[in-house]
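>>> Sequence and predicted structure are below.
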Protein chains: 2
Amino acid sequence: MGLLGLGLVLVAGCGLEPSGPEAPDAAQAGDALAGRADSLKNSSTSATLPSWNDGAAKEAIIAFVARVTDPASPDFVPEPERIATFDNDGCLWSEKPVYFQLLFAFDRVKALASEHPEWKDKQPFKGVLEGDFEAVAAAGQRALLELIMATHAGMTTTEFEEIVTNWLATARHAELDRPYTELVYQPMLEVLDYLRAHGFKTFITSGGGIEFMRPWVEEVYGIPPEQVIGSSIKVEFQERDGEPVLLRLPEIDFIDDKKGKPVGIHKFIGRRPIAAFGNSDGDFQMLQWVTAGQGLRLGVLIHHTDDQREWAYDRDSHVGRLNRGLNEASERGWIVVDMKNDWNTIYPARRQ
Amino acid sequence: MGLLGLGLVLVAGCGLEPSGPEAPDAAQAGDALAGRADSLKNSSTSATLPSWNDGAAKEAIIAFVARVTDPASPDFVPEPERIATFDNDGCLWSEKPVYFQLLFAFDRVKALASEHPEWKDKQPFKGVLEGDFEAVAAAGQRALLELIMATHAGMTTTEFEEIVTNWLATARHAELDRPYTELVYQPMLEVLDYLRAHGFKTFITSGGGIEFMRPWVEEVYGIPPEQVIGSSIKVEFQERDGEPVLLRLPEIDFIDDKKGKPVGIHKFIGRRPIAAFGNSDGDFQMLQWVTAGQGLRLGVLIHHTDDQREWAYDRDSHVGRLNRGLNEASERGWIVVDMKNDWNTIYPARRQ
């Protein structure tokens, strides 16, 4: 989803969702985490990707990696061309009840409210301050874009990085009572490690804001900032007291969603990845672009099927809607991961 | 320079330049090339950067690398943060008589002329076809932009890559009678290798077209496409007979020059480099941004002083103009490389 998508999502994203999941089994998650290091040393299927249950999805990922990394295979791919792209929201971390970046924006409205007395009487700010999310949703797309810009622009890039870092250090998911950076998928962390251990470069290709991700994805996913692609607002070079700064402007630069994802991949990477992981129809064109390339390709869709440990949603969800992808995955040869049955663990062990 | 800059450059770039350099000393270049592998094994100053003469510039580069890579040094920088950016035209390869991308555009006009009979009577195409570069220059900026778009847009990204690759495989620099990809600076190839051997990631940050560079810079510079930043036109995702393609549109997306360079660095890399190499005032803000960061930083300007082996130009040149940089380098602590005296070799040995 793009910054605009953040707003659209709101329309049904708050209040209409099914109730939250049960807290994940920390002991189980801890076992899986302990098994992670083993997966990189041991090439047997059971030790590889330990949070994945044996099954077609796990087998397909392992078989793909084996074939593209075996110099004797006709499907061998030289290391520099081993590029894999991952959506973020709903693919690497959770996205319910709404995209976490939107919850960040709401918290910023509250933090900045004292500097903006006019927000008390102006939607969608009023709704955010009063906890009236129906009013927020009813304010419409343009008003929501105004909210995003009011919370994401007007500061330097360095200042924004600090704001995001501070928020993530203290904010907690209301239902799961955990920091957002712990609501990442343990099985996907294992896939990231597994691919990198086999010479892949892993990139994020998210509809979310690029500068909202860069401050933390290196620590959490092992993905450096220069391998993050996302939606962005414009930035301008200025001098302040002789010091150069980059000022964030309230103007959209790029929306990295749907048809924008292959464009973003081309813009930032400049060659076609050989593997792509997504979870929604916002990832459809990315998977299409990646798997249409010559040679062996891997396209994977994470299907949210687990209403106990995470959330179950697909065709009718306003966050992470997955409809066309489900219809066409089979004919296109894309792997659909059934979270409930394919993953024995959802989140890593609790730290905080 | 940006795509528009390509046009501006033309005004005095053709016909008004001093005569070309003598052919480089191939034997000397061969010796230097043979010495390259040694430089990575041997840490003594004389074996490091063999095409660089001993002097302040070489010493400054080596001292910087020693300090940021020594874990015991207060200036130590962890490997993921060792990012170095390089301008391309005039910094990694030559840029006379005009940017090579403009010569590519002229050759494309000639190649496409039979499909465009109207060009015979329309400037600036007419001037290109008749070799009348004064008429081309006189046609003005808007006309030159039209020429760039006519030669760079309207095809898929895959098709454009093939066009660039084919051109570079056959085109030769008129005065030096060598392929353009051999007109790269041997001393800079050594700097790229030297930095990478010390844990740096090397990026190109050029005003030139990003898709004009990506097809060849991996082989020539060892820089993969995902580490190339440049000016770009817009691209659109489309389906053709069910196959996804990315179509190049005649519309500017980003100009990676002057104040655009820090913006491009931020957009693509997302963190501040610790070293930057440029050669013109188009690189001024990049060096400013990089060297204003906290900790030890390296800013380098290549000064074209060698009218025998390459070209000598600076303050009054319409290609690679270097004026403010020369004025302020000293007070800003930037290294100015004197090509004539600091480099014992300019180009690698001839292959073709």
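Noted; the coordinates are in hand.

>>> which residues touch the residue most central in space within chain A?
Centroid-nearest residue in chain A, with C-alpha atoms, centre = their mean: A:N88, separated by 1.3 Å. Applying C-beta atoms under 8 Å, 6 or more residues apart in numbering or on different chains, one finds that A:N88 lies in contact with A:204, A:206, A:208, A:213, A:217, A:230. All C-beta atoms are positioned from the backbone trio N, CA, C, and that covers glycine.

>>> By mean pLDDT, flag the weakest helix or strand of chain A.
Lowest on mean pLDDT, DSSP states H and E among the helices and strands of chain A sits helix A:26-41, with a mean of 39.

>>> Quick check: which ranges of chain A have low pLDDT?
A:1-46 (pLDDT under 70).

>>> re earlier: roughly how far out does the helix or strand just after the least confident helix or strand of chain A sit from the chain middle?
Per DSSP states H and E, the first helix or strand lying C-terminal to helix A:26-41 is helix A:56-69. Distance, stretch centre to chain centre, for helix A:56-69: 23 Å (C-alpha atoms, centre = their mean, to the nearest Å).

>>> which helices and strands sit right next to the helix or strand that helix A:56-69 is followed by?
Remark: after helix A:56-69, the chain's next helix or strand is strand A:83-86, criterion DSSP H and E. Applying 3 or more C-beta pairs under 8 Å, 6 or more residues apart in numbering or on different chains; DSSP states H and E, one finds that strand A:83-86 makes contact with helix A:186-197, strand A:201-209, strand A:275-278.

>>> Chain B is nearest to which of the ones you listed?
Taking C-beta to the nearest C-beta as the criterion, strand A:201-209 is the member of those that comes nearest to chain B, at 7.3 Å.

>>> List the buried residues in the closest one.
A:201-209 (16 or more other C-beta atoms under 10 Å in any protein chain shown).

>>> can you check stretch A:77-84 too?
Quick answer for stretch A:77-84 (16+ other C-beta under 10 Å): A:77, A:81-84.

>>> now, among the residues you listed, which is nearest to B:G131?
A:E81 (41.2 Å; C-beta to C-beta).

>>> Can you give me every residue that contacts the closest one?
A:271, A:274.

>>> Chain neighbours aside, what residue packs nearest to A:V184?
A:W93 (4.4 Å; C-beta to C-beta, 6 or more residues apart in numbering or on different chains).

>>> brain fart, A:R248
A:A153 (4.6 Å).

>>> just A:R351 next, same as before
Counting by C-beta to C-beta, 6+ apart, A:R351 lies nearest to A:E182, which is 6.4 Å off, once chain neighbours are set aside.

>>> distance of the one you found from chain B?
22 Å (C-beta to the nearest C-beta, to the nearest Å).

>>> Pull out the buried positions in stretch A:167-183.
A:167-168, A:173, A:176, A:178-183.

>>> Report the two of the residues you listed separated the most.
A:W167 and A:L176 (16.7 Å).

>>> sorry, back to before: could you pull up the contacting residues of the residue nearest to A:V184?
A:100, A:180-181, A:183-185.

>>> Dump these into a markdown table; add secondary structure as well.
Below are these laid out as a markdown table (DSSP: H, G, I helix; E, B strand; the rest coil):
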| residue | secondary structure |
| --- | --- |
| A:F100 | helix |
| A:Y180 | helix |
| A:T181 | helix |
| A:L183 | coil |
| A:V184 | strand |
| A:Y185 | coil |
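
>>> If we only consider those, which is nearest to B:A72?
Nearest to B:A72 among those, counting by C-beta to C-beta, is A:T181 at 32.4 Å.

>>> Just give the nearest non-adjacent residue to the closest one, would you?
A:V220 (5.1 Å).

>>> Look at the one you found and say how many residues are nearby.
A:V220: 17 surrounding residues under other C-beta atoms under 10 Å in any protein chain shown.

>>> swap in A:G293?
14.

>>> what are the phi and psi angles of it?
phi -70, psi 160 (degrees, to the nearest 10).

>>> Enumerate every residue touching A:G264.
A:205, A:229-230, A:254, A:256 are the contacts of A:G264 under C-beta under 8 Å, 6+ apart.

>>> Present those as a markdown table; the columns should include distance to chain B and secondary structure.
As requested, the contacts of A:G264 are exported to a markdown table (distance: C-beta to the nearest C-beta, whole Å; DSSP: H, G, I helix; E, B strand; the rest coil):
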| residue | distance to chain B | secondary structure |
| --- | --- | --- |
| A:T205 | 12 | strand |
| A:I229 | 9 | strand |
| A:G230 | 10 | strand |
| A:F254 | 9 | strand |
| A:D256 | 12 | coil |
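
>>> Of those residues, which is the nearest to B:F284?
A:F254 (26.0 Å).

>>> Leaving out the residues flanking it, which one is nearest to A:F106?
In space, A:F106 is closest to A:V128, 5.0 Å off (C-beta to C-beta, 6+ apart).

>>> isn't the one you found right up against A:L112?
No - in terms of C-beta atoms under 8 Å, A:V128 does not count as a neighbour of A:L112; the distance is 10.6 Å.

>>> neighbour count winner among the two?
More neighbours surround A:V128 than the other of A:V128 and A:L112, with 23 against 14 (other C-beta under 10 Å).

>>> which SSE is the more buried one in?
Here A:V128 is assigned to helix A:125-130, by DSSP H and E.

>>> Now that helix - C-alpha only, CSV.
Presented in CSV, the C-alpha positions along helix A:125-130 are these (Å, rounded to 0.1, in the frame of the first residue of the first chain):
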residue,chain,number,x,y,z
PHE,A,125,-7.1,15.2,13.3
LYS,A,126,-10.1,15.7,15.6
GLY,A,127,-11.1,12.1,15.2
VAL,A,128,-7.6,10.8,15.9
LEU,A,129,-7.4,12.9,19.1
GLU,A,130,-10.9,11.7,20.3
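
>>> In the stretch 201-350 of chain A, what residue spans correspond to strands?
Assigned by DSSP state E, counting those that start in this stretch, the stretch 201-350 of chain A shows strands spanning A:201-209, A:228-240, A:243-254, A:275-278, A:298-305, A:312-313, A:335-338.
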